[in-house]
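*Asks:* Got a sequence here, can you build the structure:
(one chain, ligands or ions: 2)
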Amino acid sequence: MYRIQTLNAISSVIYDELDDQYQVSKEETHPDAYLIRSANLHDQELPEGLLAIGRAGAGTNNIPVDACTEKGIVVFNTPGANANAVKELVIASLFLASRRVIEGIEWTKTLKGQGDEIGKLVEKGKNQFVGPEVKGKRLGVIGLGAIGVMVANAAHAIGMEVLGYDPFISIDAAWHLSRAVKHESSLEALLANSDYITIHVPLNAKTKDLINAENLARANQGIRILNFARGGIINEEDLVKALEEKQVGRYITDFPSEALIGLPNVICIPHLGASTPESEDNCARMAAAQVRDYLENGNIRNSVNFPDCSLPGTGAPRLAVLHKNEPNMVGQITSILAARGININNMNNRSRGQTAYTLIDLDNGSDDGLVEAMGNIQGVISARLMSAKR
Ligand SMILES: NC(=O)C1=CN([C@@H]2O[C@H](COP(=O)(O)OP(=O)(O)OC[C@H]3O[C@@H](n4cnc5c(N)ncnc54)[C@H](O)[C@@H]3O)[C@@H](O)[C@H]2O)C=CC1
Ligand SMILES: O=C(O)C(=O)COP(=O)(O)O
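*Replies:* Numbering: from 1, shown residues only. Ligands and ions are numbered 1, 2, ... in the order given. Predicted coordinates for the structure are as follows:
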């Protein structure tokens, strides 16, 4: 029996992946894995014995990934599974950043009780809410991953001139990006050449305060900024000042804060980017499938702290060793097997930055101290023995 603790409301489609070998609940004690969305794990103890965290979503800044790596907890996310939902809200927000629809709706509510006068008052008052069309305007997209590419292509389709900035763009993303999107090689150039920008990078030490007073000063006067990535990517103090000085014309964000709520020209949305049934299902299904494949078979797909590494299941005993990416790790692991007369049937070893993973299907061999021997190798983070069926 595997135990899974859910720390957020997760779509019930997880049960398509998790059969009766799984006990899943919010209150689970001694979980083998967590399934979460945006729950903040930074201020929580990670329970002993936790093997995996499945983040049903893209951003993993709510998870202490380095601490997980040290403890041998494999962190998964679900790349692309909610990208369409975010793209749709970003496109809607491009229009909201232009046309003063929200202010207009709020003003219209004040006309309640004016009876037959309403038509006349509407025609008289509507000119307060004029705003430009997006067609022909320039949109700068920062980060061309799953979401950024979709947003760039959709913005081009509604007639915008699109510029993109992503020094680390993946080959796959580049293949999907419309050829009409103009490549900008610096953030400063992107800001200077855009009427609107939209941010689609992860929040990490390198992207914190990526948008700040220095580069906002070089942006086009009155630039409209959309932030559906994370609040910390824009320096909030600098942003508030730039809004006051009209350097930034509008700011629409999925990440409200005390300083932003109620400011003129700011629209705060309650983190709704991925909140559609379609993307909640996609993310949940993918996270559950990945966690299951890891718990049962040791296979890793879409981890953010360990390499992708898998083997086809044969039912043979399988040794799974998470270790540091250092010389002679595989040599030491296989020497222990050789010393015990255990033959290797199939094997895969992958590395990623500081971490590595070795999966070995064995012809014979039971635990009998094997896992402990592996754990005693300097540089091994953790080891497990299982029987991989699928
Ligand atoms: N509002 C919401 O509900 C949601 C928000 N998000 C946020 O959006 C972020 C992006 O999501 P995806 O597109 O799915 O991720 P992704 O990993 O597919 O794309 C991120 C892109 O950012 C690029 N990048 C990284 N550092 C950069 C930098 N310094 N400058 C320019 N580009 C840089 C990467 O090369 C990559 O292409 C997530 O990390 C998350 O924080 C994601 C999903 C839902
Ligand atoms: O996937 C992401 O990064 C998101 O921000 C979505 O978060 P959520 O699953 O809606 O809590």
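*Asks:* Between the two ends of stretch 173-180, how far is it?
*Replies:* 14 Å (Cα to Cα, to the nearest Å).
*Asks:* Now do that stretch: distance to the chain's middle.
*Replies:* Stretch 173-180 sits 20 Å away from the centroid of its parent chain (Cα atoms, centre = their mean, to the nearest Å).
*Asks:* In contact with the residue of the stretch 151-300 of the chain found nearest ligand 1, which residues?
*Replies:* Distances between the stretch 151-300 of the chain and ligand 1 by Cβ to the nearest ligand atom are smallest at residue 273, namely 2.5 Å. In this view, the C-beta of every residue, glycine as well, is placed from N, C-alpha and C. By Cβ atoms under 8 Å, 6 or more residues apart in numbering, residue 273 lies in contact with 82, 85-86, 89-90, 228, 254.
*Asks:* how about it, phi and psi?
*Replies:* phi -50, psi -50 (degrees, to the nearest 10).
*Asks:* Relative to residue 99, how far out is it?
*Replies:* Using Cβ to Cβ, to the nearest Å, residue 273 is found at 21 Å from residue 99.
*Asks:* How many neighbouring residues does residue 245 have?
*Replies:* 11 (other Cβ atoms under 10 Å).
*Asks:* Oops, could you answer that again for residue 61 instead?
*Replies:* With other Cβ under 10 Å as criterion, residue 61 counts 17.
*Asks:* how much space is there between it and residue 269?
*Replies:* Between residue 61 and residue 269 the distance is 18 Å, computed by Cβ to Cβ.
*Asks:* for ligand 1, what are the nearby residues on the stretch 251-390 of the chain?
*Replies:* Residues of the stretch 251-390 of the chain found near ligand 1 (Cβ under 6 Å from any ligand atom) are 254, 271, 273-274.
*Asks:* In this structure, what residue lies closest to ligand 1?
*Replies:* residue 145 (1.7 Å).
*Asks:* For the nearest residue to that residue once chain neighbours are set aside, what is the enclosing helix or strand?
*Replies:* Leaving out its chain neighbours, the residue that sits closest to residue 145 by Cβ to Cβ, 6 or more residues apart in numbering is residue 173, at 5.8 Å. If you go by DSSP states H and E, residue 173 is part of helix 171-176.
*Asks:* What of residue 319?
*Replies:* Element membership of residue 319 [criterion: DSSP H and E] is strand 317-324.
*Asks:* tell me what that strand is packed against?
*Replies:* Contacting strand 317-324 under the criterion 3 or more Cβ pairs under 8 Å, 6 or more residues apart in numbering; DSSP states H and E are the following elements: helix 329-339, strand 355-362, helix 370-375, strand 380-387.
*Asks:* distance between it and the chain's centre?
*Replies:* Mean C-alpha position of strand 317-324 versus that of the full chain (Cα atoms, centre = their mean) differs by 27 Å.
*Asks:* one step back: single out the most deeply packed of the helices and strands packed on strand 317-324.
*Replies:* strand 355-362 (a mean of 22; mean count of other Cβ atoms under 10 Å).
*Asks:* show me the contacts for the closest residue to ligand 2 within the stretch 201-350 of the chain.
*Replies:* Residue nearest to ligand 2 within the stretch 201-350 of the chain: residue 274 (3.7 Å; Cβ to the nearest ligand atom). Neighbouring residues of residue 274 by Cβ under 8 Å, 6+ apart: 57-58, 82, 85-86, 280, 283.
*Asks:* Many thanks, we can stop here.
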